[in-house]
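1. okay, predicted coordinates and the sequence, questions at the end:
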Amino acid sequence: MAESIVRNKAFGFAVKIVSLYKYLCDKKHEYVLSKQVLRSGTAICANISEGLYGQTEPDFIAKMSIALKETSETEYWLELLNATGFIDDGMYKDYDAECKEILKMLSSVVNTMKKKQLRVKS
């Protein structure tokens, strides 16, 4: 099922985000931006997980849409961390590539479900 594939990908990404948070706090002594990327980066999988057990299709779509927004926000924080020198270009490219992959997967899930809902209503 596509949803579980994206959940697994998002979970792996969340684990990496926790490691990034630890690195930023321990090595860079950065505590504000690191909290933001930790919050948004781990919220992706949390919302996907909740959506998988949604009571209705609109509930599922809403949670996947929130996960999509959290992914976009995480992308921003990663870009800012790179632009301000807290993570180097190599780290940024690695995290950003994974973030973009999750973004594409979630966009596909949300768009497919919205189209399905429109067909049902017609």
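-> That came in fine, so what should we check first?
2. which helix or which strand is home to the residue nearest the centre of the chain?
-> Centroid-nearest residue in the chain, with Cα atoms, centre = their mean: residue 71, separated by 3.2 Å. Using DSSP states H and E, residue 71 falls within helix 57-83.
3. helices or strands up against that helix?
-> helix 2-26, helix 33-52, helix 89-121 (3 or more Cβ pairs under 8 Å, 6 or more residues apart in numbering; DSSP states H and E). C-beta: built from backbone N, CA, C; applies to glycine.
4. go through that helix and flag the buried ones.
-> 60-68, 70-71, 73-75, 77-78, 81-82 (16 or more other Cβ atoms under 10 Å).
5. against residue 69, how distant is residue 94?
-> From residue 94 across to residue 69, the span is 22 Å (Cβ to Cβ, to the nearest Å).
6. list the contacts for the residue nearest to the centre of the chain?
-> Neighbouring residues of residue 71 by Cβ atoms under 8 Å, 6 or more residues apart in numbering: 44, 99, 102-103, 106.
7. tell me the contacts of the closest residue to residue 92 other than its chain neighbours?
-> Spatially, and ignoring its direct neighbours in sequence, residue 92 is nearest to residue 82 (3.8 Å; Cβ to Cβ, 6 or more residues apart in numbering). Counting by Cβ under 8 Å, 6+ apart, residue 82 touches 88-89, 91-92.
8. quick one on the thing from earlier: now do the helix holding residue 71: distance to the chain's middle.
-> Helix 57-83 has its average C-alpha position 5 Å from the chain's average C-alpha position, going by Cα atoms, centre = their mean, to the nearest Å.
9. let the chain start at 589 from now.
-> Will do, 589 is the new start, and the previous item becomes helix 645-671.
10. that helix to helix 621-640, inter-axis angle?
-> Following axes from the mean of the first three to the mean of the last three Cα atoms, to 10 degrees, one obtains 160 degrees for the angle between helix 645-671 and helix 621-640.
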